[in-house]
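After the sequence you'll find the predicted model.
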Amino acid sequence: MFKLHAQCKALKEASRKLASFSGQKKNHCLKTVQRALARHQPRILQANALDVKQAQEAGIAAGYIDRLLLTPKRFEGMLSSIEVVVNSADPVGVSHKTWTVGNGLKIQKVSVPMGVIAIVYESRPNVTLDAFALAFKAGSAILLRGSSSALASNKAIVSSIREGLKEAGVEEDMVCLVEDPSREAVNQLLNYTDCIDLVIPRGGAGLIQLVTQNSKIPFIETGLGNCHLYVDASADLDMALNILENAKLQRVSVCNACETLLVHEAVAEAFLKKVGAKLASRVELRACERARQHLEAQVATEADFHEEFGDAILAVKVVDTLEEAISHINHYGTRHSETIVTENYTRALAFSNAVDAACVYINASTRFTDGGEFGFGAEMGVSTQKMHVRGPVGLEALVTEKYVVFGSGQTRPD
C-alpha cells in the first residue's frame, strides 16, 4: 500500500498550491480539462464499452449496467456539468461574517478549501468527472476510488483530466485514481489522517457501511434511497400517475427512484386501477392485502418495505390517514427523498414538516434530487446525515471555514 500512501501525500502537496489559485485560474484549468475530455471522447467511450461488455458477461443486473453506461448524450452532459461549475460562484474566500470585539480585535469568518477529498464510489463513471470538477473549484485535490466494474472508463477519464491540467500549466497530482479495486485499499486510505481531510462514500449499503464504520477521517455519508410517493385523498390522480411513472421508471437503479407507493384509502380503488393499467406490464408489484383488492400483485413482505430495489419493482401499501403515511415513511425510509401528491395545502405543509428526509417534494417526482437539477452543475452525492450538509452535496458543502483575526498589538490579560 506504499503506492497509495505516496499518491495521497502527492495530493496533499498539490492541494496546498491549489488552495492559492484564484477563481479565474481554476476556471481556466477546468475549461482546459473540458477540451481535453472532448478531444478524447472516442477513447473514453471505447473504454466504457469494454467495462459494459465485461459487466454483461459477469451477469450484472441491467439496472446497474445502465448506471455504468456512457452514451454520447451522457458524455455531453458530463462536459456541460463542467460548464455549470465554471459559471458557479467560487466558494473559497467568501467572508460570511465580520465583527469587532471590545478589545478592538476584528474577527472575520471566511471559507477555505478542505485540502484533500477522497471519494469512494460505485459504477457510475460520470461521478469521476463530477467529483473532480467540484473538488477543484472548491480548491481541493481529490483521490478517486471507483469500482472495478468501471476501471477502464475511470482510467481513461482521469488520464484526460490530468492531460488537461498539464496543458493548463498546473500539477497533474491534483487528481489521482486508485486503480486497486480491493477492499483493503479502501481500508488503508481510511487511515490516512495525515494527508486526507474528508471522505465521501457513494454507493450501496455495504460500501457506505465500510466507510462509516472504519474511517478515522471525517466523512459525509451519502445515503441509500428507499424513496416513497404518497397519494393523498385530495390528489389529482392523473398527476399522481404521471409522477409515479417518472419516479419509478425513468431510471430504476438510481438512488432517487421511487421504491414504495403509499395510497390513501379514499382514493385507493380509483388510483390503483390506474396503476395496474399503466405500470403492471413494466413493473413487478408487491402489495399489501388491501392494495391487492384493486391490483394484481404479489404479496408484499415486511422486507419489501425496507428495500431499495434498484430495479423495476414497486412496493404498494394502502394507508388510512396522512399521519399513517408519515409514520410509515419515517420508519422505513432512508431520509433521502419523499413526495406527496395533494391539492390540500395544509396537508402538504404537514407532510413536509413531519417527514424526516433530506428532500421533500410536493406534487413533483423524487427524481429531481440531483445536483444538476438543483442548479449545482454536479454533485458528490446526496447526504442523508444532518451535519454538516444535507441533500445534494455541491460546491458550498465542499469548503470549510477559518477565523481570521486582525489586531493592533493586543495581548490577553490574566
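Happy to help now that I have it.

Residue 119 bridge partners, please.
residue 144, residue 200 (DSSP bridges).

chain center to the helix or strand bottoming out on mean pLDDT in the chain, what's the gap?
Ranked by mean pLDDT, DSSP states H and E, the weakest helix or strand in the chain is helix 62-68, scoring a mean of 86. A distance of 16 Å separates the centroid of the chain from that of helix 62-68, by C-alpha atoms, centre = their mean, to the nearest Å.

Tally up the residues packed near the nearest residue to residue 326 once chain neighbours are set aside, please.
In this structure, residue 326 finds its nearest non-sequential neighbour in residue 354, 4.8 Å apart by C-beta to C-beta, 6 or more residues apart in numbering. C-betas here are computed from N, CA, C, even on glycine. Residue 354: 15 surrounding residues under other C-beta atoms under 10 Å.

and what of residue 87?
As a burial measure, residue 87 scores 9 neighbours (other C-beta under 10 Å).

how about the nearest residue to it, chain neighbours excluded?
Nearest residue to residue 87, sequence neighbours excluded (C-beta to C-beta, 6+ apart): residue 377, at 7.8 Å.

Roughly how far does that neighbour sit from residue 78?
Relative to residue 78, residue 377 is positioned 11 Å away (C-beta to C-beta, to the nearest Å).

Ok, residue 327 next?
Counting by C-beta to C-beta - residue 327 and residue 78 are separated by 40 Å.

What does residue 182 show for phi and psi?
Main-chain torsions, residue 182, degrees, to the nearest 10: phi -70, psi 160.

what about it, how many residues close to it?
Neighbours of residue 182 (other C-beta under 10 Å): 11.

thinking again about what came up before, show me which of residue 327 and residue 78 is the more surrounded one.
Set residue 327 next to residue 78 and count neighbours by other C-beta under 10 Å: residue 78 wins out with 22 against 13.

next one: the strand or helix carrying that one to chain centre, how far?
Element membership for residue 78, per DSSP states H and E: helix 72-87. Centroid displacement of helix 72-87 relative to its chain, using C-alpha atoms, centre = their mean, is 16 Å.

which helices and strands does the helix or strand that it is followed by pack with?
Per DSSP H and E, the first helix or strand lying C-terminal to helix 72-87 is strand 95-100. Secondary-structure packing of strand 95-100 (3 or more C-beta pairs under 8 Å, 6 or more residues apart in numbering; DSSP states H and E): strand 106-113.

Give me the sheet partners of the strand it packs on and which way each runs.
Under the rule (DSSP bridges), strand 106-113 has strand 95-100 (antiparallel), strand 399-406 (antiparallel) as partners.

Give me the contacts around the last one.
Residues external to strand 399-406 that are found in contact with it (C-beta atoms under 8 Å, 6 or more residues apart in numbering): 91-92, 96, 105-114, 138-139.

Which members of those residues are the farthest-apart pair?
Maximum pairwise distance among the contacts of strand 399-406 (C-beta to C-beta): 28.7 Å, between 105 and 138.

Which residue of those two possesses the greater neighbour count?
The neighbour count for residue 105 versus residue 138, taken as other C-beta under 10 Å, is higher for residue 138 (27 against 13).

neighbours of the closest residue in space to that one that isn't next to it in sequence, just the number please.
In this structure, residue 138 finds its nearest non-sequential neighbour in residue 398, 3.9 Å apart by C-beta to C-beta, 6+ apart. For residue 398, the count of nearby residues is 27 (other C-beta under 10 Å).

you'd agree residue 398 is up against residue 115?
No - between residue 398 and residue 115 there is no contact, the gap being 10.7 Å when judged by C-beta atoms under 8 Å.

Mind listing the shared neighbours of these two?
With C-beta under 8 Å, 6+ apart, residue 398 and residue 115 have common neighbours residue 140.

where are the low-confidence patches of this structure?
1 (pLDDT under 70).

got the contact list for residue 282?
With contacts defined as C-beta under 8 Å, 6+ apart, residue 282 is in contact with 249, 312.

Confirm it sits in a helix?
No - the assignment for residue 282 is coil, going by DSSP: H, G, I helix; E, B strand; the rest coil, so no helix is present there.

Strands along the stretch 201-350 of the chain, start to end?
Ranges of strands in the stretch 201-350 of the chain, per DSSP state E, counting those that start in this stretch, are 227-231, 258-264, 284-287, 298-299, 313-319, 337-341.

Break the protein into its domains for me.
Here the domain parsing of the chain from automatic domain parsing is 2-222, 227-368.

which one of those domains lies closest to residue 408?
Once the domains of the chain are compared by C-beta to C-beta, domain 2-222 is nearest, at 6.3 Å.

Against residue 51, how distant is residue 65?
As for residue 65, its distance to residue 51 is 9 Å (criterion: C-beta to C-beta).

before we move on, the earlier item: for the domains of the chain, which one sits closest to residue 414?
Smallest distance to residue 414 across the domains of the chain (C-beta to C-beta): 14.2 Å, for domain 2-222.

Could you give the separation of that closest one from the chain centroid?
On C-alpha atoms, centre = their mean, the centre of domain 2-222 falls 13 Å from the chain's centre.

pretty sure residue 218 is touching residue 200, no?
No - at 10.1 Å, residue 218 and residue 200 do not qualify as touching, with contact defined as C-beta under 8 Å.

For the two, work out which one has more neighbours and name it.
Shown here are residue 218 and residue 200; by other C-beta under 10 Å, residue 200 has more neighbours (23 against 13).

Let me know whether that one touches residue 222 as I believe.
Yes - judged on C-beta under 8 Å, residue 200 makes contact with residue 222 at a distance of 6.5 Å.

Give me the common contacts of the two.
Applying C-beta under 8 Å, 6+ apart, one finds that residue 200 and residue 222 are jointly contacted by 380, 381, 393.

nearest to residue 279, of those?
residue 381 (28.6 Å).

follow-up on the earlier one: out of the strands paired with strand 106-113, deepest packed?
Among the strands paired with strand 106-113, judged by mean count of other C-beta atoms under 10 Å, the one packed with the most neighbours on average is strand 399-406 (a mean of 13).
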